[in-house]
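Asks: what would the 3D arrangement of this be:
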Amino acid sequence: MHTADAHSTVTEAVRSWSERLVALSHGLHDEPETALREHRSAAKIADLLESADFAVTRGVADLPTALVATHGTGDLVIGFCAEYDALPGIGHACGHNVNGAAAVGAALALAAAADTLGLTVKLIGTPAEEDIGGKVLLLDAGVFDDVAAAMMVHAALDDSVGASSLAIGAWDITYRGKPSHAALAPWEGVNALDAMTVAHTAVGLLRQQLPPGVIVHGIVTDGGQAANVIPARTRARCEVRAPNVEQLAQAWRRVCACFEAGALASGAELELRRHGRDFADLHQDPDMTEAYVGALGELGRTATSRHGETMASTDMGNVSQLIPTIHPTIGYDTGGATQHTPEFTAYGKSPGADRAVLDGATALALTGAALATSPAQRSRLLDGVRKRRRSGPAR
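Replies: Model prediction:
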């Protein structure tokens with residue numbers, strides 16, 4: 001198939017699926033599910049892909065809400081990552097209904113040309129991006145081993161390409177003290193809330209000494225049960241972000257010392273437990289980015305280059321450390337509201353968001369077609385898979 005024929009096939013396929021893709025985006029938005037509870041969301045995606053004759057496996061890698069759907073038998077495997085988890089209390093405030101539906105649309109569109117392009121199209125349903133990092137677990141399970149190129153688009157305020165992301169790690173903190181009456185005998189208690197207070201104060205003072213790009217933030221999830229009882233247990237979750245995984249490890253050592261200081265000062269016992277997996281910094285493939293920018297331009301959209309800039313954090317960073325990857329943003333009007341706010345959620349079913357689903361799907365699928373029809377890119381990507389196989393799994 002020539003490039004022009006592939007272009008026509010892909011764009012027509014998106015048009016033919018457009019109503020169902022928009023309905024999928026709206027359905028995900030209407031029934032938001034948080035990390036590892038995305039049962040209805042995963043089922044909606046799996047059912048749609050099965051209706052298009054994809055081979056679907058649900059519950060992969062011991063993750064009940066993860067899925068893999070494939071179409072075609074070609075040696076070049078193009079992977080699309082679908083996200084669909086929401087945020088507690090504020091629904092799809094990061095636009096994962098748009099992300100997920102666009103990835104599904106890209107898979108459906110490229111599948112229409114898979115046989116003539118010598119492709120296998122692989123849709124990977126990746127749960128818990130907002131929490132433990134489903135893509136990292138799927139990498140560890142070998143789900144990405146055959147993938148030559150990985151792609152997704154992310155909902156945002158504008159179209160952009162090329163940005164990196166911050167590495168991030170999360171930890172659950174528990175202090176255990178000793179209860180006592182807060183008025184009659186406070187000296188007999190060991191105040192776990194004091195430990196947390198000391199730690200948070202220490203973290204606040206530490207921020208001045210942290211390198212640029214290192215961010216510490218968190219919440220206290222348990223501060224005690226009664227005001228007249230010395231708190232015997234407190235809990236918190238702390239997240240640390242840094243420009244790369246090496247700086248993340250260095251920053252965490254310093255933050256960890258702050259929590260150790262809380263235990264030392266109060267006499268409480270400290271338990272630190274890693275929450276989920278660390279997200280690595282994102283590396284976006286320049287050749288794939290160029291193809292995506294060209295495809296987006298054909299749709300009348302212009303992407304701003306964010307090369308050298310960083311966005312927040314994503315487990316797509318871990319994928320990008322091993323596999324050529326792109327993670328552009330696809331924009332729509334949100335009235336100026338930024339992600340992770342209820343106001344952003346409110347625009348998730350707007351006409352602009354619906355267009356982002358379809359344009360994102362088209363641009364991703366056209367990027368896949370461009371890779372398949374370029375002998376140089378095809379050779380590069382297949383060589384990358386062979387090299388990974390020779391070196392063994394990086395997990």
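Asks: and the longest helix seen in the chain, how far out from the chain's middle?
Replies: Longest helix in the chain by number of residues, with DSSP state H as the criterion: helix 3-30. Helix 3-30 sits 22 Å away from the centroid of its parent chain (C-alpha atoms, centre = their mean, to the nearest Å).
Asks: who are the packing partners of it?
Replies: On a contact count with 3 or more C-beta pairs under 8 Å, 6 or more residues apart in numbering; DSSP states H and E, helix 3-30 meets helix 39-51, helix 96-111, helix 114-117, helix 351-373. For the C-beta atoms, the positions are set from N, CA and C on the backbone; glycine is no exception.
Asks: then the second one to CSV, C-alphas only?
Replies: So the one you mean is helix 96-111. What follows is helix 96-111 as a C-alpha-only set of coordinates in CSV (Å, rounded to 0.1, in the frame of the first residue of the first chain):
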residue,chain,number,x,y,z
HIS,A,96,-8.3,10.3,30.3
ASN,A,97,-11.6,9.7,28.7
VAL,A,98,-10.2,11.7,25.7
ASN,A,99,-6.8,9.9,26.0
GLY,A,100,-8.4,6.4,26.0
ALA,A,101,-10.9,7.0,23.2
ALA,A,102,-8.3,8.6,21.0
ALA,A,103,-6.0,5.6,21.4
VAL,A,104,-8.8,3.2,20.7
GLY,A,105,-9.7,5.2,17.6
ALA,A,106,-6.1,5.1,16.4
ALA,A,107,-6.0,1.3,16.8
LEU,A,108,-9.2,0.9,14.9
ALA,A,109,-8.1,3.2,12.1
LEU,A,110,-4.7,1.7,11.6
ALA,A,111,-6.1,-1.8,11.8
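Asks: show me where pLDDT drops low in this protein?
Replies: Applying pLDDT under 70 to the chain flags the ranges 1-3, 393-395.
Asks: may I see the domains of it written out as residue ranges?
Replies: Listed domain ranges for the chain are 3-164+281-391, 167-274 (source: automatic domain parsing).
Asks: let me have those domains in JSON lines, extended by mean neighbour count.
Replies: Putting those into JSON lines (neighbours: other C-beta atoms under 10 Å) gives the following:
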{"stretch": "domain 3-164+281-391", "mean neighbour count": "21"}
{"stretch": "domain 167-274", "mean neighbour count": "17"}
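Asks: which residues sit against stretch 291-310?
Replies: Under the criterion C-beta atoms under 8 Å, 6 or more residues apart in numbering, residues 151, 158-166, 213, 243, 281, 326, 328, 359, 362-364, 366-367, 370-371, 377 lie in contact with stretch 291-310.
Asks: let's go with 7 Å and repeat that
Replies: Contacts of stretch 291-310 with the rest of the structure, by C-beta atoms under 7 Å, 6 or more residues apart in numbering, involve 158-166, 243, 326, 328, 359, 362-363, 366-367, 370-371.
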